[in-house]
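Asker: Only the shape, not the letters, is given here:
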Ligand code: M6R
């Protein structure tokens, strides 16, 4: 996952930046780079692979200067390579940019720049930012205004840090959404900029965080912060704790809240390097999947526990719809006792954040003993579920500390979507136009999630209403039925409120008897193929006196009159909608538990890794 460090002050920027990047290594990356303004002008050093390789390069070709920015990169657009590594230069080499996130409209921007004669040195989306800033600068605009005008053209959730040889007294940085934060560090006559707190704590504990759509002009002796519209913002630095674990929480109260917000960045990294937006193809190299093997698959058995199981339920719909391969989803604790009809032409696909869940590993063993091929989708690198599989997809979301799984739920949804597209392609059942459309939709995901996160206030308002309830029902249909299960699981495990997820169509067969004014119904009623049915379900719940909270699509005029509150989400391609609709439910559960004063990150009786049966 990408990391950023920048420095301006009296000291040599190089060791400070390299040390800061080292402290972000835990996030994972595949290349790294640094730019420093030296006596010779802006100089770059970039290297593929681990940071020590960049350090060796810098030892052999030293950099000395008081202004610099550095970056660790997970490839999104273009393979890991020196020329794709950040920082990126503008055409005249005077503007330098590092960037986290995905510029959704980069193809359009790049084509426009190319039509004006721009020459690109990399395949990245980030490079267009440097080119655009240079264009605006050449129109007699200062760096700050050139960055602002550029940012206005970018779509998506992005964090950007810019320096220029033309204005060596400043770093300009901005946060466009939730694709990663920007933290500013206030030193003695020096300032630091980073994507994450651990990168700068060595130098200062006085820090401030940028909000989405804010930009900062950082100089040696201080900082000015503006909205993207140019309005000045008062910044209140706080003192960060020394405790490295607490420091990792950054601006958040709990890991769970941080991890909910990290989903934008995690999803960008999940897509990173695995899709080619130009060809509309998916690459999941670690799965070791050939066309011949794909065409041989008779059935996929997805097996997992808890939240990972819910991801599997969505995966069934995705794989069957997109790749037309039959899928069965089984709770891992039941798998080995069910004597499942698994054979050599089948795949057992385990989903596990920890990769160490005893029941999931036992299900994999059962699959192995019956001759099936084993795949896994795993977050913990090097875990058992990764090691024993014939092929795996790693989640790329970084460590998940909160017991309640959040970013390790949305990442596998996207992994399963990519797997479905890959399978459909290899099996020859996915027409090219459809494949390109499905891949193109992926580009929207980080920003759609970011837009939901910006509405945390709505979840807080609903949490205030619901914090004292004893029971509630989550209803969904189709691809968002598992979202109802997951929303209910999130609430019950951290708030200890009894919550059930139910297929909405089943209500009339029994559970509707539970409804009264003390049993709220949380209904996922977005504009998807099941919308009409959900709308009628909401009306039925309302008619029984139950308070209704709806998750609905922006602009829907039929839901507000029949709901007591709405958690809004932006319009989303329906096959990807579970990635977006679960986010308000995660925030709702989090805020209810926090308002009840509970130990959100370590709820009673639960463990992060369940290594016993
Ligand atoms: O590590 P795993 O993904 O295999 O864990 C599976 C479940 O134990 C886990 O998802 C659990 O349900 C979480 N507490 C849910 O938030």
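Answerer: On my side now, so go ahead. Just so we're clear, the structure is a prediction, and the values are computed from it rather than from any experiment. Numbers count the residues shown, from 1 in each chain.
Asker: and the residue in the chain positioned nearest to the ligand, what is it in contact with?
Answerer: Proximity to the ligand, evaluated over the chain using Cβ to the nearest ligand atom, is greatest for residue 306 at 1.9 Å. Bear in mind the C-beta positions are built from the backbone N, C-alpha and C, glycine included. If you count contacts by Cβ atoms under 8 Å, 6 or more residues apart in numbering, residue 306 has them with 405, 489.
Asker: Looking at it now. What's its pLDDT?
Answerer: Among the per-residue scores, residue 306 shows a pLDDT of 97.
Asker: and it, how far is that from residue 540?
Answerer: Note on residue 306: its distance to residue 540, by Cβ to Cβ, to the nearest Å, is 30 Å.
Asker: part of a strand, is residue 549?
Answerer: Yes: Residue 549 sits within a strand when classified using DSSP: H, G, I helix; E, B strand; the rest coil.
Asker: is it true that it touches residue 524?
Answerer: No: contact criterion Cβ atoms under 8 Å: residue 549 and residue 524 do not qualify, at 10.1 Å.
Asker: okay, these two: which has more neighbours?
Answerer: Between residue 549 and residue 524, counted using other Cβ atoms under 10 Å, residue 524 has the larger neighbour count: 32 against 25.
Asker: which residues sit in contact with that one?
Answerer: Neighbouring residues of residue 524 by Cβ under 8 Å, 6+ apart: 474-477, 480, 483-484, 487, 534, 550-551, 581.
Asker: Residue 438 too?
Answerer: By Cβ under 8 Å, 6+ apart, the neighbours of residue 438 are 280, 322, 417, 421, 430, 575.
Asker: my guess is the fourth one meets residue 439, correct?
Answerer: Right, the one you point to is residue 421. Yes: at 6.3 Å, residue 421 counts as touching residue 439 under the criterion of Cβ under 8 Å.
Asker: So those two - more neighbours on which side?
Answerer: Just comparing residue 421 and residue 439: by other Cβ under 10 Å the higher neighbour count belongs to residue 421, 28 against 23.
Asker: Doesn't the more buried one lie inside a strand?
Answerer: No: going by three-state DSSP, the assignment for residue 421 is helix, not a strand.
Asker: what residue ranges in this protein score low on pLDDT?
Answerer: 1, 26-28, 178-180, 241-247, 611-613 (pLDDT under 70).
Asker: Show me which residues of it sit near the ligand.
Answerer: Residues of the chain lying close to the ligand (Cβ under 6 Å from any ligand atom) are 305-308, 352-354, 357, 360, 403-405, 489, 493, 606, 609-610.
Asker: circling back: overlap in contacts, residue 421 and residue 439.
Answerer: Residues touching both residue 421 and residue 439 by Cβ under 8 Å, 6+ apart: residue 282.
Asker: Next step: the contacts of residue 438 restricted to strands.
Answerer: Using DSSP state E, no member of the contacts of residue 438 falls in strands.
Asker: can you give me the strands for the stretch 251-400 of the chain?
Answerer: 275-276, 281-282, 299-304, 327-331, 346-352, 373-378, 391-394 (DSSP state E, counting those that start in this stretch).
Asker: Now intersect the contacts of residue 524 with the helices, please.
Answerer: Using DSSP state H, the subset of the contacts of residue 524 located in helices is 483-484, 487, 534, 581.
Asker: Need the three-state assignment for residue 33.
Answerer: Criterion first, three-state DSSP; result for residue 33: strand.
Asker: Next up, the contacts around the closest residue to it other than its chain neighbours.
Answerer: Spatial nearest neighbour of residue 33, chain neighbours left out: residue 46 (3.5 Å); criterion: Cβ to Cβ, 6 or more residues apart in numbering. When contacts are counted by Cβ under 8 Å, 6+ apart, residue 46 touches 31-34, 54, 82-83, 85-87.
Asker: Adding neighbour count, write the residues you listed out as JSON lines.
Answerer: Listed next are these as JSON lines, based on neighbours: other Cβ atoms under 10 Å:
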{"residue": "31", "neighbour count": "25"}
{"residue": "32", "neighbour count": "30"}
{"residue": "33", "neighbour count": "24"}
{"residue": "34", "neighbour count": "28"}
{"residue": "54", "neighbour count": "24"}
{"residue": "82", "neighbour count": "14"}
{"residue": "83", "neighbour count": "16"}
{"residue": "85", "neighbour count": "28"}
{"residue": "86", "neighbour count": "29"}
{"residue": "87", "neighbour count": "29"}
